[in-house]
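Asker: with the sequence up front, the predicted model follows.
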Amino acid sequence: MTDDEMAETIMRELPAAYEIMPPDILCGYISVYRNDKRRKETTLKEIKTVLDWERTVPYRPYAIADCLTTQPPRRAEFESMYQCGPVGTANEHRVVVLERIGAMLPRAFCAAVTGDEMIRQVVFNRQASFAYTRVLSHRHGTNLRRQIVIVDLKGFSMAHLGSDFMKMTKLYIRTLLNVFPEASAGFYMINSPAIVRGGWVIIKALLDADTLSKCKVLGGPSSYEPLFKQLGITFTEGSTPLSECRPSWVAALRDI
């Protein structure tokens, strides 16, 4: 089945998807299961699951422009616990996003944020991400929907492997993969201590083959800096150490 045939199948069997989802997100669904032997069945199943979920939440996950005027409750508090946002660009103007997972305090985070609250916040992150890349796509005349994601694990400890935090992590990954598919060009986990291997075994089971193929687990600067140079990554804050950057999607939206 070609991409065009998949698009026509979605339009015929799940027309609500075309009413709710923007074209750049639909493109993700059309391509993400391209190599699946049961591409049609898998794609339709995933879209239907997300459409059913979309009807149950008290916000509009696919109304991308909403993030420009409305922030989730306690947004500043969330960003103080979980830092995420654009920090530079790579080859072909592709956006580079930094997530500082290692800097999070797992017990404090799980005590302060419910699963539903976290999903609302990470959906806002994705809305902001799509709004941000749309602006840059128009500015540069090319499709920049897919981003490079750097996950900084500096500070990662046994607490990050606790049951409550791992439950939050699984919820986070499932939401991003299912609700906003094919949004990343690569995942680079840097400053990875040996303890990460235990958590990585769990996380790998949640990822499809395409996403897993984009993931690289790296050590310190001597491990990741040559690769970042090859990718043409330039950081907005210049000489500021990457581990000290404080990325924020709210700040990024103000910039655009």
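Answerer: Arrived safely.

Asker: mind listing the residues bridging to residue 95?
Answerer: Assessed by DSSP bridges, residue 95 has beta-bridge partners residue 89.

Asker: by contact count, what packs against the longest helix anywhere in the chain?
Answerer: As assigned by DSSP state H, the longest helix anywhere in the chain is helix 115-140. Secondary-structure packing of helix 115-140 (3 or more C-beta pairs under 8 Å, 6 or more residues apart in numbering; DSSP states H and E): helix 23-32, helix 75-81, strand 84-89, strand 95-99, helix 163-179, helix 249-255. (Glycine included, C-beta is placed from N, CA and C.)

Asker: run through who's touching the following helix or strand past the fourth one.
Answerer: The first helix or strand that comes after strand 95-99 along the chain, using DSSP states H and E, is helix 106-112. Contacts made with helix 106-112 from outside it, assessed by C-beta atoms under 8 Å, 6 or more residues apart in numbering, are listed as 77, 81-82, 159-160, 162, 164-165, 168.

Asker: in those residues, find the pair that's most separated.
Answerer: For these, the farthest-apart pair by C-beta to C-beta is 77 and 162; their separation is 20.9 Å.

Asker: who wins for proximity to residue 62 among the helices and strands packed on helix 115-140?
Answerer: helix 23-32 (6.4 Å).

Asker: any idea of the mean pLDDT in that closest one?
Answerer: Across helix 23-32, pLDDT averages out at 89.

Asker: how far off centre is that helix?
Answerer: With C-alpha atoms, centre = their mean, to the nearest Å as the basis, helix 23-32 stands 15 Å off its chain's centre.

Asker: any buried residues in stretch 48-60, and which?
Answerer: 50-51, 54 (16 or more other C-beta atoms under 10 Å).

Asker: residues of the longest helix of the chain that come out buried?
Answerer: For helix 115-140, the neighbour count (16+ other C-beta under 10 Å) marks 118-134, 136-137 as buried.

Asker: do the same with stretch 20-39
Answerer: Here stretch 20-39 shows 20-21, 24-30, 32-33, 39 as buried, counting by 16+ other C-beta under 10 Å.

Asker: closest to residue 174 among those?
Answerer: When those are compared against residue 174 (criterion: C-beta to C-beta), the nearest one is residue 32, at 14.0 Å.

Asker: that closest one touches residue 180, doesn't it?
Answerer: No: in terms of C-beta atoms under 8 Å, residue 32 does not count as a neighbour of residue 180; the distance is 10.3 Å.

Asker: before we move on, back to that, possible to save the contacts of helix 106-112 as JSON lines with neighbour count?
Answerer: Converted to JSON lines, the contacts of helix 106-112 look like this (neighbours: other C-beta atoms under 10 Å):
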{"residue": "77", "neighbour count": "12"}
{"residue": "81", "neighbour count": "16"}
{"residue": "82", "neighbour count": "20"}
{"residue": "159", "neighbour count": "16"}
{"residue": "160", "neighbour count": "21"}
{"residue": "162", "neighbour count": "14"}
{"residue": "164", "neighbour count": "14"}
{"residue": "165", "neighbour count": "19"}
{"residue": "168", "neighbour count": "20"}
